[in-house]
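> here's my sequence, what's the structure:
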Amino acid sequence: MDDRATEIERGRLRVYLGAAPGVGKTFAMLDEGHRRRARGTDVVVGFVETHGRPRTEEALGDLDVVPRRRMDYRGTVQEEMDLDAVIARRPDVVLVDELAHTNTTGSRNEKRWQDVEALRAAGIEVVTTVNIQHLESLNDVTEQITGVRQRETVPDALVRAADQIELVDMSPQALRRRLAHGNVYAAEKVDAALGNYFREGNLTALRELALLWLADRVDEGMARYRDAHEIDSTWAARERIVVAMTGGPESETLLRRAARIAARRSGGEWLALYVTRHDGLSGVSPDRLAALQDTTGALGGSLHTVVGDDAAETILGFARAENATQVIVGASTRGRLATTIRPGIGERLISASGDIDVHVVTHDYARGNRPAGTRRPDPLGARRRRAGLGFALGAPVLVAAGLKATDDLHGLPSESMVLMAVVVATALIGGLLNAVLAASVSGLLLNVLFTPPLYRVTIAESGNATAIVLFVLVGIAVALVVDRAARRAAEAQTARAEADALTVLAHSLLTTGDDLRGLLRSACELFGAEGAAVLRRELDGTWVSVAAHDEAPPTPELATASVTIDDETVLAVRGGTRTAAARGLLNAYAAYARVMSDRQRARDAEAERVRLADTDRTRTALLAAVSHDLRSPLAGVKAAVSSLRSTAVVFSSEDQSLLLETIEESTDRLTALVTNLLDMSRITTGAVNVRRKTVALDEIVALALAPIDGAGRIHVDLAPDLLALADPGLLERVVANLAENAVRHTPLDAPIRIDGAVQRGRVVLRVVDSGPGVDETAHDRLFAPFQRLGDVPQGDGVGLGLAVARGLTEAMGGTIVAEATAGGGMTFAVDLEAPEPDESPCALAAPREEAPS
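A predicted model of the protein is given here:
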């Protein structure tokens, strides 16, 4: 079996890249086809689009062309590359034009670049063309330049992975001349093309975009070559600047300087570098790093963070990896003495940079200088510094006096070790400088009190002199180590506290509600603050408190620290720590408060959405119901009035009476409908005016049943002394609506009953019917507006009666529930408050009291 059949080597890809149509990509591809065929290579044309241009057709010449596949699409015949035919032909090289083309529906692949990948998978080398605007990553950029969004795109990775990319370049002026001569588009399209897509500015921008994109690919290829050949030295083929920053206040100065230097060099780029330690104990806050990243992006650079304990070595390693030609670093912020003892990062970079240029940029903070009004925060505090100073001066003297009093019990080595312990204790209490002072005082005391000749500064034996000098040096070294260890321990403790606080915040964010006061209380406990508040700025510029805890500041100006939550709200804290780490945690609390605010806004928006949906549903139901229930009585009134006014027909007295009765009934129906609508409106808006008093239920029921047709079917069983605390007019409306509902839905031969009783200190009034009833799961829906469960379609009413009854009952402080009647039907129970035993019912005079409006 042929080896090629068992294992096919993937075909190569060569891309001719152009900045715009008409630069000559297809010509270049066809020219290569002719050259390679002349050298004996089997070359075929898979697809070349000539666009009817004579010169392109001439360039095609006698190359072998694989017949295209013809496809019917929506009544037209489309031609596409016949992928299967090309693979069956198995040429060495195939020429495929327009890589970004979208194939006709029904083709083997959706995109032509997928056809190209299939050809390469079959071991066939492909030569193709593409314009820069068709690259996926540049689609938005080219749209901004030309105003045209390209719908046909090619993945960048495909083109970047090509074995060869050749730019077909042409100046904008030459391309416009070619266009004007009719070598690109037909004559009728030339003017429109020159005035739109092919404007000189557009072509210049696209040309620059293509050149820069290809330059990046060349740079990647050079980096691969350097890695493959292990080349560490800098090749200054392109100016690249690395600016190293500490994150301190001088960082912005360095970033601006790097941007200016890069701007003076065409094609230059610059990268900002921040080095953090492996232990993560020292460094700037995430918010500070984010601010530096924003500044870097605004100036045209990119920020990179790397980990390394040796800053100089890490910076140079990064610069060499990026093939940087220059490194910018700020002048040391340490004093001259510290720089003399241990060289700074700048000095170490210069000594080890090799062929990389190092710029040391001065700034306001160089050599320990600080601008007026600023001061480096003291981690120990003034009190500990003063205590350390007193300890450094007094403790060695007291310990030396004690040792002198017992000098017959020990010798110089023991005395040196005891005083060394004093130096270490001083470093723990008062820091490095006080420990150096304690070491100097201890060395002097060793010389004067314990080294012959006694009580004199001179030393008789050179060995003792060496011992004392070593004592002072070792004491300083030990103090330095102890001071650094103490600082690291404090940093670790602070980092752990921050991590614990962030853990609590994250847990609260996931598991708790939106308790702003609880959040402020937690912030006060963490920072040791006297109080905290979330403040919102009003339109007039004043501040109002959204939430507060303890002695909260009334304005951000009176707060110890404040951070922004959003454009109008801040988190302000009074008292507590002011370190950078505390500031970072305060920002985390502000972010949590912002999440709370977003949650509340989301809930409010959802509540508003539900309210609007309910309103819309109510409006729809109202229109649907009222359209019938208003139209029917109005039609009856209109017909009766028209009949009475007609002179064409003479009505008898009986007929006239019937017509007038129709008018009266229809008017009553309209009155009841409007009354229910007005009651529902008052209930919805909370405008029900309730005047509760002690009433007799039998009197209220009698008044409610009087105007109801068919009320004679209702059996009332109420004791005269059954009293309730209610608004007489509202309770009458409730009873009337319940009774009308019972009469409407109960067969004529079925009983209806109204009774009442006192149950557990409450008065319960029941309306019991024997109608069809409804399913138990729908009982609560009975009281929703516009519900007519179990109603016959032609029944009167819009389904508001029970909703109004519940609303008025709840306004009086009562409840109403629906229950199934034993044997069939519904029972509505109105639960009201019972009056005090000594209260007597009010008199219900005629005319009856109307429901308050």
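> can we go C-alpha only for contacts and neighbour counts from here?
OK.
> tell me where the model's unsure across the stretch 101-250 of the chain.
219-238 (pLDDT under 70).
> one more time with 90
The stretch 101-250 of the chain contains residues with pLDDT under 90 at 104-108, 132-133, 135-153, 156-157, 159-164, 167, 169-172, 174-241, 245-250.
> quick one, helices of it?
Counting by DSSP state H, counting those that start in this stretch, the stretch 101-250 of the chain has these helices, from start to end: 112-121, 139-146, 156-160, 172-180, 187-195, 200-228.
> CSV for those helices, including distance to Ser666 and mean neighbour count?
Shown next, in CSV, are those (distance: least, C-alpha to C-alpha, whole Å; neighbours: other C-alpha atoms under 10 Å):
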stretch, distance to Ser666, mean neighbour count
helix 112-121, 76, 21
helix 139-146, 68, 16
helix 156-160, 77, 15
helix 172-180, 83, 18
helix 187-195, 73, 13
helix 200-228, 77, 16
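> okay, those in CSV with distance to Met245 next?
Output for those, formatted as CSV (distance: least, C-alpha to C-alpha, whole Å):
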stretch, distance to Met245
helix 112-121, 45
helix 139-146, 31
helix 156-160, 33
helix 172-180, 42
helix 187-195, 48
helix 200-228, 25
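> quick one: closest of those to Ile752.
When these are compared for distance to Ile752 using C-alpha to C-alpha, the nearest one is helix 139-146, at 75.7 Å.
> still on that earlier bit, closest to Val448 out of the helices of the stretch 101-250 of the chain?
Evaluated with C-alpha to C-alpha, these place helix 200-228 nearest to Val448, the distance being 65.6 Å.
> okay, and the beta partners of the nearest residue in space to Gly814 that is not next to it in sequence?
Among residues not flanking Gly814 along the chain, Leu832 sits closest, at 4.7 Å (C-alpha to C-alpha, 6 or more residues apart in numbering). Leu832 has these beta-bridge partners by DSSP bridges: Val763.
> how much space separates Leu832 from Val734?
12 Å (C-alpha to C-alpha, to the nearest Å).
> closest one to Glu98 among the helices of the stretch 101-250 of the chain?
Of these, the one closest to Glu98 (C-alpha to C-alpha) turns out to be helix 112-121, at 7.9 Å.
> which outside residues touch that closest one?
Helix 112-121 is contacted by residues 8-13, 83, 87, 96, 98-103, 109, 125-126, 154 when judged by C-alpha atoms under 8 Å, 6 or more residues apart in numbering.
> for stretch 209-216, same thing?
For stretch 209-216, using C-alpha under 8 Å, 6+ apart, the contacting residues are 17-19, 132, 165, 167.
> closest to Arg669 out of these?
Of the contacts of stretch 209-216, the one sitting nearest to Arg669 (C-alpha to C-alpha) turns out to be Ile132, at 76.4 Å.
> circling back to that earlier point, can you tell which of the helices of the stretch 101-250 of the chain is closest to Glu415?
Among the helices of the stretch 101-250 of the chain, helix 200-228 comes nearest to Glu415, with 61.1 Å by C-alpha to C-alpha.
> ok, back up a step: going by neighbour count, which of the contacts of stretch 209-216 comes out on top?
Ala19 (27 neighbours; other C-alpha atoms under 10 Å).
> ok, that residue touching Phe198?
No. Ala19 is beyond contact range of Phe198, at 11.0 Å (criterion: C-alpha atoms under 8 Å).
> remind me which helix or strand the residue nearest the centre of the chain belongs to.
Central residue of the chain (C-alpha atoms, centre = their mean): Val595, 9.3 Å from the mean position. Using DSSP states H and E, Val595 falls within helix 580-629.
> run through who's touching whichever helix or strand comes after that helix.
Next in sequence after helix 580-629, counting helices and strands by DSSP H and E, comes helix 631-645. Applying C-alpha under 8 Å, 6+ apart, the contact partners of helix 631-645 are 649, 651, 656, 659-660, 662-663, 666-667, 669-670.
> so what's Val758 bridging to?
Val763.
> pLDDT below threshold where in the stretch 351-500 of the chain?
351-397, 399-500.
> ranges for the strands of it?
357-361 (DSSP state E, counting those that start in this stretch).
> so where do the helices sit in it?
382-405, 412-430, 432-445, 462-511.
> what is the mean pLDDT for whichever strand or helix holds Glu252?
Per DSSP H and E, Glu252 falls inside helix 251-263. The average pLDDT within helix 251-263 is 85.
> other SSEs contacting the next helix or strand after it?
Sequence-wise, the next helix or strand downstream of helix 251-263 (DSSP H and E) is strand 269-276. Contacts defined by 3 or more C-alpha pairs under 8 Å, 6 or more residues apart in numbering; DSSP states H and E place strand 269-276 against strand 240-245, helix 251-263, strand 302-307, helix 311-321.
> please give the centre-to-centre distance between strand 269-276 and its chain.
Put simply, strand 269-276 sits 27 Å off its chain's centre (C-alpha atoms, centre = their mean, to the nearest Å).
> of all the helices of the stretch 101-250 of the chain, which lies closest to Gly443?
Nearest to Gly443, of the helices of the stretch 101-250 of the chain and by C-alpha to C-alpha, is helix 200-228 at 57.2 Å.
> list the contacts for Met420?
Contacts for Met420 (C-alpha under 8 Å, 6+ apart) come out as 439, 442, 471, 475.
> so which of the residues you listed comes closest to Ile145?
Comparing the contacts of Met420 against Ile145 with C-alpha to C-alpha places Gly475 closest, at 69.0 Å.
> so the closest one makes contact with Leu437?
No. If you go by C-alpha under 8 Å, Gly475 and Leu437 don't touch, sitting 9.9 Å apart.
> more crowded one of those two?
Gly475 (28 against 21).
> the closest residue to that one other than its chain neighbours and Leu454, how far apart?
Ranked by C-alpha to C-alpha, 6+ apart and with sequence neighbours excluded, the top spatial neighbour of Gly475 is Ala439, at 5.5 Å. Look at Ala439 and Leu454: by C-alpha to C-alpha, they are 19 Å apart.
> more crowded one of these two?
For the pair Ala439 and Leu454, the greater number of neighbours falls to Ala439 (30 against 14), based on other C-alpha under 10 Å.
> isn't the more buried one up against Ala477?
No. Between Ala439 and Ala477 there is no contact under C-alpha under 8 Å: 9.9 Å.
> for PyMOL, what selects the buried ones among the contacts of helix 112-121?
Here is the PyMOL command that selects only those of those that count as buried (16 or more other C-alpha atoms under 10 Å):
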select buried, resi 11+12+13+83+87+96+98+99+100+101+102+103+125+126+154
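> inside strands: which ones of the contacts of helix 112-121?
13, 96, 125-126 (DSSP state E).
> out of these, which comes closest to Ala312?
Nearest to Ala312 among those, counting by C-alpha to C-alpha, is Leu13 at 42.9 Å.
> the closest one against Asp163, yeah?
Yes. Under the criterion of C-alpha under 8 Å, Leu13 makes contact with Asp163 at 5.4 Å.
> buried set for stretch 642-657?
Residues of stretch 642-657 classed as buried: Ser643 (neighbour count, 16+ other C-alpha under 10 Å).
> got the CA coordinates for that stretch in CSV?
The C-alpha coordinates for stretch 642-657 follow below in CSV (Å, rounded to 0.1, in the frame of the first residue of the first chain):
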residue,chain,number,x,y,z
SER,A,642,-85.9,55.1,21.1
SER,A,643,-89.0,53.0,21.2
LEU,A,644,-90.8,55.4,23.6
ARG,A,645,-89.8,58.4,21.5
SER,A,646,-90.9,56.8,18.2
THR,A,647,-94.1,58.1,16.7
ALA,A,648,-94.4,55.2,14.3
VAL,A,649,-95.7,52.8,16.9
VAL,A,650,-98.3,53.5,19.6
PHE,A,651,-97.4,51.6,22.8
SER,A,652,-100.0,50.6,25.4
SER,A,653,-99.6,51.6,29.0
GLU,A,654,-98.4,48.1,29.8
ASP,A,655,-95.8,48.2,27.1
GLN,A,656,-94.6,51.6,28.2
SER,A,657,-94.3,50.3,31.8
